[in-house]
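**Q** Fold the following, please.
(one chain, ligands or ions: 1)
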Amino acid sequence: MTFYVEGCSRMKFFIVLMLLSNLHFVFGDCPDCDGQSSFYNAIGCAVLCRRKSCPTNYNCRNVLEKYKAEKKCYFDGKYYDVNTTLPEKYPTRDGSGMCNYQCNYSPDPEGYFLTEVDCESNPNVPTTEQCNKMLQIQAIFVLQFNTAITYTPDVCKLGIIIAFNMPPTNCGGRKCCKFLDRSYKRGTVFRVFNNLCYCLCPPVMICR
Ligand SMILES: *[C@@H]1O[C@H](CO)[C@@H](O)[C@H](O)[C@H]1NC(C)=O
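**A** From the prediction side, this is the model:
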């Protein structure tokens, strides 16, 4: 745990609250990260810092390292060779269908990605577990290319946002939001197409 909390201001002060993590609810909402914690938890990122009992940013490097460790697709603890398909179907990014996911190598942008094949519409609302798997599948792209996302907790839907002409970098270090080749400090907001994109809970910017 100390590894992740290193360098977080006011950390010692609130260590007692962290240990009593059940008190989370007593202390109320966590406005910075409430909209994104379920996304980070689903894809396996760790809390990097907290203020009072609330996460303020996450560390996704361990997740990214798993993706990059082999020249294969990573999913849920296993690696899949190019052209092989995951053993089960999972939701589409908009939650409306169910698909097989096949591992493909992409030269540009370079990487190994699971892509939808043989999708069918799904009359049922996907389960939370199925949605979390979908988030894991999609997060490979989000974390490798530092895209922003659209995401609402408890809604089985993930948007991937890429932008042009973004404001200049205004942040350095590990506690920044990453958006493509830029870094932004918490509180940064700017418009991308019809969305406002916010750095609320780094490292992923969220657009609404
Ligand atoms: C994957 O499938 C494509 C198209 O059938 C083929 O060209 C390619 O060699 C295959 N790659 C691997 C690693 O099996």
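**Q** residue ranges with poor pLDDT in the protein?
**A** Applying pLDDT under 70 to the chain picks out residues 1-28.
**Q** Name the residues of the longest helix along it that are buried.
**A** If you go by DSSP state H, the chain has its longest helix at helix 128-145. For helix 128-145, the neighbour count (16 or more other CB atoms under 10 Å) marks 130-145 as buried. Heads up, the C-betas are built off the backbone N, CA and C, glycines and all.
**Q** How about stretch 154-166?
**A** 156, 157, 158, 159, 160, 161, 163, 166.
**Q** Show me how far it is from its chain's centre.
**A** 11 Å (CA atoms, centre = their mean, to the nearest Å).
**Q** hmm, who's touching it?
**A** With contact meaning CB atoms under 8 Å, 6 or more residues apart in numbering, stretch 154-166 is reached by 38-39, 91, 93-95, 125-126, 130-131, 134-135, 138, 141-142, 145, 147-151, 179-180, 182, 190, 192-193, 195, 197, 205, 207.
**Q** and that stretch, how far apart are its ends?
**A** One end of stretch 154-166 sits 29 Å from the other (CA to CA, to the nearest Å).
**Q** hmm, back to that, any of the contacts of stretch 154-166 buried? List them.
**A** Using 16+ other CB under 10 Å as the burial test, the contacts of stretch 154-166 include 38-39, 91, 93, 95, 126, 130-131, 134-135, 138, 141-142, 145, 147-149, 151, 179, 182, 190, 192, 195, 197, 205, 207 as buried.
**Q** wouldn't residue 91 be in contact with residue 126 here?
**A** Yes: taking CB atoms under 8 Å as the definition, residue 91 is a contact partner of residue 126 at 4.3 Å.
**Q** picking up where we left off before, out of the contacts of stretch 154-166, which sit inside strands?
**A** Of those, the ones assigned to strands by DSSP state E are 91, 148, 149, 150, 151, 179, 182, 190, 192, 195, 197, 207.
**Q** Would you mind measuring from the second one to residue 124?
**A** Translated: residue 148. Counting by CB to CB, to the nearest Å, the gap from residue 148 to residue 124 is 29 Å.
**Q** thinking again about what came up before, overlap in contacts of residue 91 and residue 126?
**A** Shared between the contact lists of residue 91 and residue 126 (criterion: CB under 8 Å, 6+ apart) are residues 98, 134, 156.
**Q** Now distance to residue 112 too, for those residues, in a markdown table please.
**A** Output for the shared contacts of residue 91 and residue 126, formatted as a markdown table (distance: CB to CB, whole Å):
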| residue | distance to residue 112 |
| --- | --- |
| 98 | 22 |
| 134 | 17 |
| 156 | 24 |
